[in-house]
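fold the following.
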Amino acid sequence: MSVDGAFGSDPLAWFRASFARAQQSESFDPCRAALATVGADGLPHVRFVLVRRVDERGFAFFTNFGSDKAQQLSALPRAALAYHWSSISEQVRIEGAVERVSDAEADAYFATRPRASQLSAWASRQSRAIESRAVLDSAYATIEARFADAAVVPRPAFWGGYRVVPTRIELWLGHDARLHDRWSFVREDEAWRMTRLQP
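Got it, this is the predicted structure:
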C-alpha cells in the first residue's frame, strides 16, 4: 500500500485508517505506543502506554501524576510517541509539546475504566518503591473496602491525563527489499507540510 495522494496532507486521516486496520489484526491492543520523555538526568526514558484519546487536539494518555513520566513531563513538557503495528507492517511516530487534559476529560475517561482498574489507580503510588507484593495487595484491599458501598468510584485528584500536541508526525509503511514508504508531516501554523522521505 502507498499513501501517495490517499489522504492529502492530513496525517490524522492516515492514522485513523491505519488504526482501524490494526484493530482488526493486532494481537495486542493497538492503542499501545512507546512514550519517550527526558529525565532530570538528561537521559531519555521510554515505556509503553495506552493512548486512549486521539483527535484533532492530539494523542492523550492517562497516568498517576506522581509517576516518573508525569514528573518528567512537568519539568520538560515535550514527548515522542511511537506505534508499531506488525500485523499490517506500519508505524507512526509523533513528536510535540505536552499539555494536561482537563479534569472533565479525565473524569469522563476514568468513568469508562473497569471498576478494578479504578480501584488500582487509588491503591498504587506509581513508580514509587514498595516493600513487597503483599503491601500492594493490602493497599488494594483497603481501597476496595473504602469504596465497597459506592456506586461510582471517583477519579483520584492525583490521577489524570496528558496530551501530546503533535508538531511532527511520521508515517511508515513497510515494503519488500526495505523500500519502505515514509512520510513526514510538520505542523506549520494551521497546516501540515508533507515531505516524502527515503527509507
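
outline the domain layout of this structure.
11-111+157-197, 115-154 (automatic domain parsing).

which parts of the shortest one are buried?
Residues of domain 115-154 classed as buried under the neighbour-count rule (16 or more other C-beta atoms under 10 Å) are 118-124, 126, 139-140, 143-144, 153. Where C-beta positions appear, they are placed from N, C-alpha and C, glycine not excepted.

endpoint to endpoint, that domain covers what distance?
With C-alpha to C-alpha, to the nearest Å as the measure, domain 115-154 spans 10 Å from end to end.

and it, what's its mean pLDDT?
The average of the pLDDT scores along domain 115-154 is 96.

over to the first one?
Taken as a whole, domain 11-111+157-197 has a mean pLDDT of 95.

rewinding a little: save the buried residues of domain 115-154 as CSV, and put in distance to Ser67 too.
Below are the buried residues of domain 115-154 laid out as CSV (distance: C-beta to C-beta, whole Å):
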residue, distance to Ser67
Gln118, 17
Leu119, 17
Ser120, 13
Ala121, 11
Trp122, 14
Ala123, 14
Ser124, 9
Gln126, 4
Ala139, 16
Tyr140, 17
Ile143, 18
Glu144, 22
Val153, 20
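
residue at max distance from the center of the protein?
In the chain, the greatest distance from the average C-alpha position (C-alpha atoms, centre = their mean) is reached by Asp149, at 32.4 Å.

spell out the secondary structure type for that one.
coil (DSSP: H, G, I helix; E, B strand; the rest coil).

of the buried residues of domain 115-154, just say which sits nearest to Ser27.
The nearest member of these to Ser27, counting by C-beta to C-beta, is Ser120 at 24.0 Å.

give me the residue at the spatial middle of this structure.
Short answer for the chain (C-alpha atoms, centre = their mean): Val51, at 3.1 Å.

does it touch Ala60 like I think?
Yes - Val51 lies in contact with Ala60 (C-beta atoms under 8 Å); the separation is 6.8 Å.

ok but Ala141 is inside a helix, no?
Yes - secondary structure of Ala141 (three-state DSSP): part of a helix.

so Ser127 sits in a strand?
No - counting by three-state DSSP, Ser127 falls outside a strand, being coil.

thought it was touching Phe65?
No - the criterion here is C-beta under 8 Å, and Ser127 misses it with Phe65 at 10.7 Å.

keeping just the C-alphas, turn stretch 175-187 into CSV.
What follows is stretch 175-187, C-alpha atoms only, in CSV (Å, rounded to 0.1, in the frame of the first residue of the first chain):
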residue,chain,number,x,y,z
HIS,A,175,7.6,-2.9,1.8
ASP,A,176,9.8,-5.7,0.4
ALA,A,177,13.6,-5.1,0.0
ARG,A,178,13.3,-2.4,2.7
LEU,A,179,12.0,0.0,0.1
HIS,A,180,9.5,1.4,2.7
ASP,A,181,7.3,4.4,2.3
ARG,A,182,8.0,7.2,4.7
TRP,A,183,6.2,10.5,5.0
SER,A,184,7.0,13.4,7.3
PHE,A,185,4.3,15.9,8.3
VAL,A,186,5.5,19.1,10.1
ARG,A,187,2.9,21.5,11.6
